[in-house]
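Chemist: Here is a sequence with its predicted model. Questions after.
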Amino acid sequence: MKRKLSDLLNTWLLVLLAGANLLVFNAIVQPWTGARLDLTQYKEHSLSAPTRKVLKALPDRVEIIALFSSNTHKLLRPLLPKIQDTLDIYQAESGGKVIVHMEDPRSDKRLSQLYEEFNIRPVPVPLESKYKKEVKSIFFHIVVRMGDQNIKFQMEDLIDVDEVNNELQVKLKDLEAILTRGIRKVSTSFVSLDSVIAQVSSPVKITYYKLPADVTGLPDDKKKEIEEAAQKLRESVEDLIGKFKTKVQFEEKDATADSQLFMVEVEHGSRKVAFPLFTQLQDVSKSGVTEKVNAALKRVLPGFSRTLGLVAPTPQMDPMMMQMGRRPPNEFGLLENLLGEEYNVKQVDLSSGEPPLDVDVLLVVRPEDLSDKAAYAIDQYMMLGGRMVLLLDPGKLDMAALQQNKLMIKSMRSGLEGVLGKWGITMEDKLLADARHIPYPLPREIQPGLMVIDEVPYPYFVRVEKPSGHTMVSSVSEVAFLWPGAFTVRKVGEKTRAQAVLSSSGQSWLVPLDPQAGLDVTPSPDKKDAAPATSSYPIAVAVDGELESAWLGQKSPLEAPSKDPADPNPDEEPATDAKPTADATPAAPRTSPRRDRSPATRFVVVADADFVSEVGVKILEGRFPFSYRFLINALEWVQSDEEEIVTSGKGLPRPLDEISNTKKNVLQYAMWLGAWLFLALIFLTFAILRRRGNR
Amino acid sequence: MTEKDSQINAPEETEEAGVVAQEAADPDATMKIEPKPARKVKTKKAEVSGHHPGPSAWRSFVVVWKKESAGFFYSPVAYIILGGFALLVAWLFFDQFWLRNEASVRPLFASMPLLFLMITPLLTMRSWAEERSTGTADQLFSLPVSLPILALGKAAACLSVLLLALVITLPYPIMAESMGNLDWGPVLGGYIAAILLGSAYVSIGLFLSAMTRTQIEAAFLTFFVAGLLYFIGEPFFLDRMENPQLVLMLTRMGLGSRFSSIARGVLDLRDLLYYVSITAFFVMLNVAVLRHRKWL
């Protein structure tokens, strides 16, 4: 009995000890935030590669001060652990560069400190408890701080509020996107060229392609001016070498082709951009050259805020509206605002023919009748290693017809036909229609003053579902295009690869656009659009590789009198096949530098711009959130040099296919029936087993 | 198990093969352990070399699991529970699925902890309480099967029924995939979370079944204790808490908040360890209670 009692005591002691061990073990592993596996398709609960890159490039420590009242609104309370989780991941993955403080400011001293330091005050929110209802001031703020720079996010920046079935629902926005943007903003204001070059592991190479000594045909005074300009470049680079020693390398090479002459190439890692040393010899100054060198360095080195050059149609002045004192509507104003969250957006004017060398990426939206000079600026921007996304429209809405309740699409030329043709891309002068489309919301008056919206089949709103194959659409499940066109793609060389990223379904067809009359695309419930042919057409094309200038072997628009922009036809140019070789060094070289061949570069061209216009966003009504995400991914892809880019589909809904109520009921009953049949099968199996056992 | 424990169990385990062989001769015996000749040789080798007779323990576990599982399926219990589960899960799932219009099975896993909380007490209540009320407990303890094996066998049987309940739900993600672009990561996470939560509920239920005299008491207590562990981390429970440290601690202790964390598609070592700890702790408590009853 005594032994039994001691055994029993031992058993309970063992259980207690094991329990205490488990408790301690769980407490020990609590700080292990990194021991986790994110199973979601787009790694929705992990920091993305771009965020990790930003954290890695941080020049100094960043503080994230999360100010949240613990006695907060009941809809906000469930968000607090999620916020804490995300902040913990930032701290864990930053390698000590991000310090997180989560606090509930209560004392008067702290409140006044926060107000003075960050201009933060608590927000009044109605709180309801078992015993009372009151309005209380709460904190729901995040401050990102580096040195004396800070950026604050308030409640409206952090949450989305929806009403579902008369009930308020609060959702946390993409916290990673918010925090990373904040970190990038505060850190880039600290980033200087000096600090970045000091940190780079591989040297930056600057190469100047000078005039070979044996070249004849240039007057001596011209040669002297060129030499003076080169000397200013040498002085500017020597200043850099003096500061950074071996981290900056400078080389002068004899140009082996006309297109290399007087070019300055700046290279770091796989990234290479170039700029001409001068456009007008008289204008060369040391400060001007230094500015150009610095701009090129910022484009090839990591850690700087990115600048997007936007070429968008200027809002049309309507005399009637001007008289009423209204500003003309900016069709792409919303796009500009959204892009502003990711980039420093800079409006670019190409009319002078100068390529925009201070932008990281160029976005050209619905170009219309661009001049030769503007087309040449785009051509040269690409020849100098620029990256670009082009949104082209085959036609545009006729506003005059719209006032008569008619939807007409007028034919439109971009002015880039020649340039794109040289790069293997041609846009059909036709509108794309597809059997796979989204309906047109057509209002109908059922009683005087009472309207209903009919959803009318409309083949010109093309829906591309589950696109696959290309990395830039890996996080995009469907995109809708409004009145898009289609491309024809031809191969232009071994070193250039063009790939259709988004294509229409196999049941699409092209409808010609009459250059004068346009095309009537008015939706009607009775109208049945015939499908004369069924095929799939590319809507978005990604081009990767080396490109040739559309002006190869010709005088540029800056040198020659302007051609008729409506009829550029470089395909017929006799010298398009001429390739620059070492022997091709001219006897009398041109002194206005330009490039005929680009380094490895990328661009994307899309046969629609309406999908990101204000009208498009209204029509799509948030049903196709991937459309804008596709554009962001395209911008990311063109700027990357790698095959894979990390694209994000975080927080985006995955809508169900449209299905009738009858089918819904059938599915529901099928599930029930399936479950019951499964149980019947188990019952039968066990009944048989039992009978066999009894035998 | 400690060294002491293995010494206590040692005589039972070494005798096991012989007694089992005797039992096999009785056609009406509830447990039929028929050692295969080849394995018998292995057991002998193990005995000669003085090692723990692993295969026998495993076979005993399989026999207990089979016997307990058969108990569920030879009676209407499992069919009633699983039928009710199928009905409820379809109702709760479709109610939200069409409303959200999203290719996601989140509504399925959102209701899973509560559905498991309802069915697990019904599965575990009879395990030990019935043995005690019918007087078969002493007979069971006299069998040459160690108590941990008995406890684990019964737990595995209850868990098998829960797994069948999960199998019933498999067509839901397949249907969602056919209607949209389903992310399978959270689905996998959801099933892993459901299995872990089910294991924790079952271990709690078995422990409480061993503690109580009647099945009703066992079911009620399981519902209460498992429910408490589930709800302490839920927002509505934490609403009135003022202390943020306490809120954080309770969130981390709650079976429900851990479930949501895995079901959203993140396998966190801390969550897995927490569920394993809870399950292991209650299984150990269960064995301790059985040993207590056996000896007193």
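Modeler: Thanks, I have the structure now.
Chemist: And residue A:208, its phi and psi?
Modeler: Here is the backbone geometry of residue A:208 (degrees, to the nearest 10): phi -110, psi 130.
Chemist: Please name the residues that touch it.
Modeler: Neighbouring residues of residue A:208 by C-beta atoms under 8 Å, 6 or more residues apart in numbering or on different chains: A:230, A:233, A:250, A:251, A:252, A:253, A:263, A:264, A:277. Any C-beta I mention is one placed from the backbone N, CA and C, and that applies to glycine too.
Chemist: now residue A:277
Modeler: Applying C-beta under 8 Å, 6+ apart, the residues near residue A:277 are A:208, A:229, A:230, A:233, A:262, A:263, A:264, A:284, A:289, A:593.
Chemist: what's the farthest-apart pair in those?
Modeler: Farthest apart among the contacts of residue A:277 by C-beta to C-beta are A:263 and A:284. That separation is 14.3 Å.
Chemist: Do a quick rundown of the strands in chain B.
Modeler: B:266-268 (DSSP state E).
Chemist: check which helix or strand covers residue A:223.
Modeler: helix A:220-244 (DSSP states H and E).
Chemist: same for that helix, what does it pack against?
Modeler: Here helix A:220-244 touches helix A:193-199, strand A:204-210, strand A:248-254, helix A:286-300, going by 3 or more C-beta pairs under 8 Å, 6 or more residues apart in numbering or on different chains; DSSP states H and E.
Chemist: Try it again at 10 Å.
Modeler: helix A:193-199, strand A:204-210, strand A:248-254, strand A:263-268, helix A:286-300 (3 or more C-beta pairs under 10 Å, 6 or more residues apart in numbering or on different chains; DSSP states H and E).
Chemist: Which one, of these, ends up nearest to residue A:387?
Modeler: Per C-beta to C-beta, nearest to residue A:387 of those: helix A:286-300, 9.5 Å.
Chemist: For chain B, what's the nearest residue on the stretch 551-695 of chain A?
Modeler: Here the stretch 551-695 of chain A gets closest to chain B at one residue, residue A:675, 3.4 Å apart by C-beta to the nearest C-beta.
Chemist: Any buried residues in whichever helix or strand that residue is part of, and which?
Modeler: Secondary structure assigned from DSSP H and E places residue A:675 in helix A:661-694. For helix A:661-694, a neighbour-count test (16 or more other C-beta atoms under 10 Å in any protein chain shown) marks A:667, A:668, A:671, A:672, A:675, A:676, A:678, A:679, A:682, A:686 as buried.
Chemist: cool, and stretch A:496-505?
Modeler: For stretch A:496-505, by 16+ other C-beta under 10 Å, it's A:496, A:498, A:500, A:501, A:502, A:503, A:504, A:505.
Chemist: Can you tell me which of these is closest to chain B?
Modeler: Of all those, chain B sits closest to residue A:502, with 15.4 Å by C-beta to the nearest C-beta.
Chemist: Wait, a strand at the closest one?
Modeler: Yes. According to DSSP: H, G, I helix; E, B strand; the rest coil, residue A:502 belongs to a strand.
Chemist: about what we covered before: ok, which of the helices and strands packed on helix A:220-244 comes nearest residue A:627?
Modeler: Using C-beta to C-beta, these put helix A:286-300 closest to residue A:627, at 28.2 Å.
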